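Enquirer: 3D, please:
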Amino acid sequence: MLHYDFIKKKLIFTDSKMLSFLHEIYREQRYLMNISDEMLSERLEHLIINLIELDFYGGKSLIIKQGKMASALIDVFEEFNLRNIDYSPLIETVLSRFEKHAKFMNCSSILKQLKDCAGEKCLFKYTYKKYLDLLRKGDVRLKLASSYNDDGFNVAIRDDEINIIHQLLNARIITEDGSEIPIKDDIIIRSAFSDYYVGCFSVTIDPKIFLTSDYDACLIIKNADIFAQEVIDRYQDNYNNSTILFGPVEYIDPYIYLKSKNKIEFVKTIYYKYETEFRFVAFDRIWINKEEERKINIDMKKIDYDIIEK
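Expert: Model prediction:
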C-alpha cells in the first residue's frame, strides 16, 4: 500500500484505492478519537518501530502492506488527518533514530551462527559486552517489575510492567440486570496483584533490538528447554518461598482489545511486539524481603551457547 523513501524522506503511496477503503472503515469506528495528540504520536512512533525492517548489512526498509500492525498505523495516519495535523515531521523524527544503523562488523559470522540455530529451540539474551563474563559464568538475574518504569531507561526498555492502561471507545460495564454503566474517559486499568520479579529473553535475533535498546552483545542459548529448567530449579533452590513461571508474552492493542488469555505478568502492549519476548516471572507467596534484583547461578556446562558481539 505504501512505503517510505529514505532518500527523499517521504511516504510513497502505491495503492490509493485500498488506503481510501481503509480510511473509510476507520472513520466509521474512529476508536482513537478520544486519545490525546501526545498518545497518538506515541502510538505512531511505536508502530513504525515495529514495522521498520533492518538487516545486519546496514539495510533498512519500511514497507506497509497488510496485517494488524500495518492497519493500525494507517488508522493513526487517518486520525491525524481528521485532526488536521501533519504527521510527516513525526515520521521523520522516528526514522532519524535509525540513521546510525550500519553494517555489523562481523555480520557474516552472525549469519552463520543464526543458520546453526535453524530448527533449534533458541533463546536470545540481549545485553552489554561488559556483562558477558558474568553470563558465561552462569549469572542470571531477575529484576522487580516495577523497576522498569524508570525515566532513565530508553523507550525500548522502559515499561510499566505492573499496569496496562486500556482506552476503549464507549467502554461500558454491564451489570447482571443488563444495565450499562459508562466508564469515565473510557479508561480501564488492569494491574498485577503485586510486584514480581521478571527476567526477559527473546526468541528472535533482530538488529532493531540492538539499535533501539543500545545493546552491543547477545547470548545465544541453543537448548532453551534445558536452560529454562535450570533457571527454574536454581531459583527454587535459592528462594523456596517463591513461585517461578516461564512462558511467552502475549501482545495486545490497548485501544482495541481488553480480553487476554494470559495473566497480566505475561501480557504487554503491541508496541513491544518486535521483541518476541519469553520471560521468567517469579513472585513470593509471602513478601519478606523485596530486593530490587535477585541473582542465581546456573551450571553453564549444561548449556549450549554462543555469543554475538556488535
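Enquirer: Now for I296: which residues touch it?
Expert: Listed by C-beta atoms under 8 Å, 6 or more residues apart in numbering, the contact set of I296 reads V140, R141, L142, V231, R234, Y235, N238. No exception for glycine: its C-beta is placed from N, CA and C like everyone else's.
Enquirer: Could you list which of the residues you listed belong to strands?
Expert: Using DSSP state E, the subset of the contacts of I296 located in strands is V140, R141, L142.
Enquirer: Who does the first one form a beta bridge with?
Expert: Judged by DSSP bridges, the bridge partners of V140 are I296.
Enquirer: Just give me the neighbour total for it.
Expert: Residues lying near V140 (other C-beta atoms under 10 Å) number 19.
Enquirer: wait, it sits on R294?
Expert: No: V140 is beyond contact range of R294, at 9.3 Å (criterion: C-beta atoms under 8 Å).
Enquirer: Report the separation between D116 and K302.
Expert: Per C-beta to C-beta, to the nearest Å, D116 is found 19 Å from K302.
Enquirer: To clarify, my last question referred to R97.
Expert: 39 Å.
Enquirer: and the two? which has more neighbours close in?
Expert: Just comparing R97 and K302: by other C-beta under 10 Å the higher neighbour count belongs to R97, 16 against 12.
Enquirer: measure the closest residue to K295 other than its chain neighbours to L54 for me?
Expert: Nearest-residue entry for K295: R141, 5.2 Å, with adjacent residues in sequence omitted and distances by C-beta to C-beta, 6 or more residues apart in numbering. Going from R141 to L54 by C-beta to C-beta gives 28 Å.
Enquirer: got it, and E161?
Expert: Distance, E161 to L54, by C-beta to C-beta: 26 Å.
Enquirer: before we move on, what about R83?
Expert: Taken as C-beta to C-beta, the span from R83 to L54 is 31 Å.
Enquirer: So for the two, which residue has more residues nearby?
Expert: For the pair R83 and L54, the greater number of neighbours falls to L54 (18 against 12), based on other C-beta under 10 Å.
Enquirer: next one: phi and psi at that one?
Expert: Main-chain torsions, L54, degrees, to the nearest 10: phi -120, psi 150.
Enquirer: okay, now Y271: neighbour count?
Expert: Y271 has 20 neighbours, counted by other C-beta under 10 Å.
Enquirer: And for the one 5 residues further on?
Expert: Neighbours of T276 under the rule other C-beta under 10 Å: 17.
Enquirer: That one contacts I205, doesn't it?
Expert: No: if you go by C-beta under 8 Å, T276 and I205 don't touch, sitting 9.9 Å apart.
Enquirer: which among the contacts of I296 end up buried?
Expert: Buried members of the contacts of I296, counted by 16 or more other C-beta atoms under 10 Å: V140, L142, V231, R234, Y235.
Enquirer: where's the second one relative to D133, distance?
Expert: Note on L142: its distance to D133, by C-beta to C-beta, is 19 Å.
Enquirer: Ok, the first one next?
Expert: Here V140 is placed at a distance of 14 Å from D133 (C-beta to C-beta).
Enquirer: contacting residues around L40?
Expert: Listed by C-beta under 8 Å, 6+ apart, the contact partners of L40 are L32, V76, E79, F80, R83.
Enquirer: cool, and E275?
Expert: When the contact criterion is C-beta under 8 Å, 6+ apart, the partners of E275 are A156, C200, S202, T204, I209, V249.
Enquirer: Distance of Y215 relative to S147?
Expert: Y215 is 18 Å from S147, where distance means C-beta to C-beta.
Enquirer: what's the answer for N81, then?
Expert: 39 Å.
Enquirer: burial count for F266?
Expert: 19.
Enquirer: correct me, but it touches F246?
Expert: No: counting by C-beta under 8 Å, F266 does not reach F246; the two are 9.7 Å apart.
Enquirer: shared neighbours, these two?
Expert: R279, V281.
Enquirer: how does this structure divide into domains?
Expert: 2-96, 107-309 (automatic domain parsing).
Enquirer: For F201, what are phi and psi?
Expert: phi -140, psi 170.
Enquirer: Contact partners for it?
Expert: Counting by C-beta under 8 Å, 6+ apart, F201 makes contact with L123, F124, K125, I221, E277, F278, R279.
Enquirer: how deep is the fourth one tucked in, by neighbour count?
Expert: The criterion is other C-beta under 10 Å. On that basis, I221 has 23 neighbouring residues.
Enquirer: okay, stretch 294-310 in PDB with CA atoms only?
Expert: Presented in PDB, the C-alpha positions along stretch 294-310 are these (Å, rounded to 0.1, in the frame of the first residue of the first chain):
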ATOM      1  CA  ARG A 294      17.700 -11.400  42.600                       C
ATOM      2  CA  LYS A 295      20.600 -13.400  41.300                       C
ATOM      3  CA  ILE A 296      21.100 -17.100  40.800                       C
ATOM      4  CA  ASN A 297      23.900 -19.100  39.200                       C
ATOM      5  CA  ILE A 298      23.300 -21.900  36.800                       C
ATOM      6  CA  ASP A 299      25.600 -24.700  35.500                       C
ATOM      7  CA  MET A 300      26.700 -23.400  32.100                       C
ATOM      8  CA  LYS A 301      28.300 -26.800  31.300                       C
ATOM      9  CA  LYS A 302      24.700 -27.900  30.600                       C
ATOM     10  CA  ILE A 303      24.000 -25.000  28.300                       C
ATOM     11  CA  ASP A 304      24.900 -24.900  24.600                       C
ATOM     12  CA  TYR A 305      25.500 -21.300  23.900                       C
ATOM     13  CA  ASP A 306      27.300 -18.800  21.600                       C
ATOM     14  CA  ILE A 307      28.000 -15.100  21.700                       C
ATOM     15  CA  ILE A 308      27.200 -12.300  19.300                       C
ATOM     16  CA  GLU A 309      29.100  -9.000  19.700                       C
ATOM     17  CA  LYS A 310      28.100  -5.900  17.700                       C
END
